[in-house]
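Novice: Sequence first, then the predicted structure, then my questions.
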Amino acid sequence: MIRINNLKKAFGAQQVLKELNLNVPDGQATGIVGPNGAGKTTLIKTMLGLVKADSGDISINDIHLNGNYNYRRDIGYMPQQAHYPEQMIVSELLHFIEDLRGDEAVYKQELIKEFNLEPELHKQLRVLSGGNKQKVGATLAMMFDPAILFFDEPTAGLDPRSSFIFKERIQKEKEAGKTVLITSHIMSELEQLVDHVIFILEGEIKYYGRIDDLLKENRQERLEGAIAKLMEDPA
Amino acid sequence: MMRVYTQILRNEFKTLLRAKWVLGYGLIFLLLTDTLFRFSGGGTEVWVSVSNIMLLLIPIISLIYGILYIYQSRDYLELLLTQPVNRSTLFWGLYTGISAPLTVAFILGAALPLGWHGGVTEGSGSQLFLVLALGSILTFIFVGLGFVMGLWFYDDKIKGFGFSIVIWLFMAVIYDGLIMVIIFLFGDYPLETGIIAITMLNPMDLARILILMEFDISALMGYTGAVFNQFFGTYLGTLTSFGMLSLWLAIPALTGLRIFRRKDF
């Protein structure tokens, strides 16, 4: 369960998150949409503790984020752009994170196989293609079997095949009862993957609910149309 | 906590050794000491010359490497920060993980030639120790300063590098010039205590003076040397100097930690 109360964050003069309130129940798959610069990534980074909130509070699985770090054991995060220490070898990186956490990476082999990463395992990260780096990121996010998964524009750099495999995997994680949060600009993809949607505009949540309801309310067939309508008329 | 720290430390060592240039850094000192032994035949001169170069080289290399590390490792930092890891533990792991290999490279480089040039001669043991200790301390101080600059100017690399070079120039060159100006302008007043105090505020000067005292060449500095000798030569003087060096160790590292703990990544 993710609870966010009156979360505020400004970078300099720019108020990125304005008194944001949000409850995400366990096991829900939610898409986060909104124009560039709306605060999607900042929201995710604040939940991860990468960005420190100015005020308000966040609790994840009933742990307040106040300087605590152990809650991150329950979170897998795949960043928007996957960059890793360049000279490190893929297998070494995976191993290092395992050692660092002291957890067993239960799905490591499975994910390596699914994403077809075997030929890349002994290469340095700097020679990996963008898509393969993304796959390493996805593996890192999911290999510890965390209860909560954050994906920040996960399929942006993936080829169709990898993207398909990735989505299959998300479906599996959903069925396993994981809480999944995905930001994306690809509405068709969100329609496939999530059943709830959060629409953020200028640091405020303008809509949060089931995709079905949003479509009905706006008399739209597709999420893209409904979101476009929200963007035009964000009242 | 300890496990996380050692994991990070180990990884830094591995990465640095793989990058090879830290070996080159050690090699510079190795060639330096070796050449000096060959030309001067060993003894005090070797260590005076080594310390002369060390006093300039270690601060700039450590400073640049500290700041470069922060700029190069943004994604790595982000990855580590999303793991169940305490920010303070992470900071100490990275800080010591960078400073320690540089220190080891310096110590090995500077001391290895002793092996084939006849080892430590009588009376030079404490000199050698002082040079190596000061070099190590300077490494940690300036890597710390580099971290502070890198974290402070996280998104503005040009400024970060610019200020770092200015800091080094200031401490290595301008500072002494300013002391000269003060002595020149206020030569009619009793300045000794003031000058000693000012000198202590610059870790590079402080290290230089400790070396001068140890090698007993303060006489070369005339009256000022005598004053310094009077102060730094005493038990209290030594104690104060090392107290100041400890402060210099603590302040950049703790400032870096403070910024690191509050920073948005």
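Specialist: Yes, it's here.

Novice: What is the least confident helix or strand in chain B?
Specialist: helix B:222-232 (a mean of 69; mean pLDDT, DSSP states H and E).

Novice: moving C-terminal of that one, what's the next helix or strand?
Specialist: Read in the C-terminal direction, the helix or strand following helix B:222-232 is helix B:235-262, with elements assigned using DSSP states H and E.

Novice: tell me which strands and helices that following helix is in contact with?
Specialist: Helices and strands touching helix B:235-262, by 3 or more CB pairs under 8 Å, 6 or more residues apart in numbering or on different chains; DSSP states H and E, are helix B:87-111, helix B:125-152, helix B:192-200, helix B:203-214, helix B:222-232. (Each C-beta comes from the backbone N, C-alpha and C, glycine too.)

Novice: one more time with 6 Å, if that's ok
Specialist: Secondary structure elements in contact with helix B:235-262, counted by 3 or more CB pairs under 6 Å, 6 or more residues apart in numbering or on different chains; DSSP states H and E, are helix B:87-111, helix B:125-152, helix B:203-214.

Novice: pLDDT averaged over the first one, what's the number?
Specialist: For helix B:87-111, mean pLDDT is 93.

Novice: And chain A, is it touching that?
Specialist: No - using CB under 6 Å from any CB of the partner chain, helix B:87-111 stays clear of chain A, coming no nearer than 7.4 Å.

Novice: Equivalent analysis for the longest one, please.
Specialist: No - applying CB under 6 Å from any CB, one finds helix B:125-152 out of contact with chain A, separated by at least 13.9 Å.

Novice: residues contacting the residue in chain A positioned nearest to chain B?
Specialist: Nearest to chain B, among the residues of chain A, is A:His83, at 3.5 Å (CB to the nearest CB). The neighbours of A:His83, taking CB atoms under 6 Å, 6 or more residues apart in numbering or on different chains as the test, are B:Asp75.

Novice: Now with 10 Å, please.
Specialist: Counting by CB atoms under 10 Å, 6 or more residues apart in numbering or on different chains, A:His83 touches A:125-126, A:130, A:133, A:137, B:73-76, B:78-79.

Novice: In the residues you listed, which residue is surrounded by the most others?
Specialist: Scoring the contacts of A:His83 on neighbours with other CB atoms under 10 Å in any protein chain shown, the highest-scoring entry is A:Gly137 at 24 neighbours.

Novice: quick one: A:Glu19 from A:Asn6, how far?
Specialist: Per CB to CB, to the nearest Å, A:Glu19 is found 5 Å from A:Asn6.

Novice: go on, B:Gln83?
Specialist: The gap separating B:Gln83 from A:Asn6 is 28 Å, by CB to CB.

Novice: Compare those two (neighbour count), which wins?
Specialist: B:Gln83 (20 against 13).

Novice: Let me know the secondary structure of the more buried one.
Specialist: Assigned state for B:Gln83: coil (three-state reduction, DSSP: H, G, I helix; E, B strand; the rest coil).

Novice: can you pull the pLDDT of it?
Specialist: Looking at B:Gln83, its pLDDT stands at 91.

Novice: Surely it and A:Asp74 touch.
Specialist: No - in this structure, B:Gln83 sits apart from A:Asp74 without contact. The criterion is CB atoms under 10 Å, and the distance is 11.8 Å.

Novice: hey, what's in contact with both of the two?
Specialist: Taking CB under 10 Å, 6+ apart as the contact rule, B:Gln83 and A:Asp74 both touch A:Phe144.

Novice: number of nearby residues for A:Met187?
Specialist: With neighbours defined by other CB under 10 Å, the count for A:Met187 comes to 19.

Novice: confidence score at it?
Specialist: pLDDT, A:Met187: 87.

Novice: Check whether it really touches A:Ile227, as I assumed.
Specialist: Yes - at 6.1 Å, A:Met187 and A:Ile227 qualify as touching, with contact defined as CB under 10 Å.

Novice: Tell me where the model's unsure across the chain.
Specialist: No chain in the question, so chain A it is. In the predicted model, chain A carries pLDDT under 70 at residues A:234-235.

Novice: Hmm, no, I was thinking of chain B.
Specialist: Counting by pLDDT under 70, chain B contains low-confidence ranges at B:42, B:119-123, B:217-226.

Novice: ok, for the one residue in it that gets nearest to chain A, nearest residue in space, not its chain neighbours?
Specialist: Of the residues in chain B, the one nearest chain A is B:Asp75, at a distance of 3.5 Å by CB to the nearest CB. Spatially, and ignoring its direct neighbours in sequence, B:Asp75 is nearest to A:His83 (3.5 Å; CB to CB, 6 or more residues apart in numbering or on different chains).

Novice: That neighbour in helix, strand or coil?
Specialist: Using three-state DSSP as the criterion, the local structure at A:His83 reads coil.

Novice: just A:Leu20 next, same as before
Specialist: Following three-state DSSP, the label given to A:Leu20 is strand.

Novice: next one: phi and psi at the closest residue in space to it that isn't next to it in sequence?
Specialist: In space, and not counting its chain neighbours, A:Leu20 is closest to A:Leu7: 4.2 Å by CB to CB, 6+ apart. Main-chain dihedrals, A:Leu7, degrees, to the nearest 10: phi -70, psi 130.

Novice: residues near A:Leu7, how many?
Specialist: Number of residues near A:Leu7 (other CB under 10 Å) recorded here: 23.
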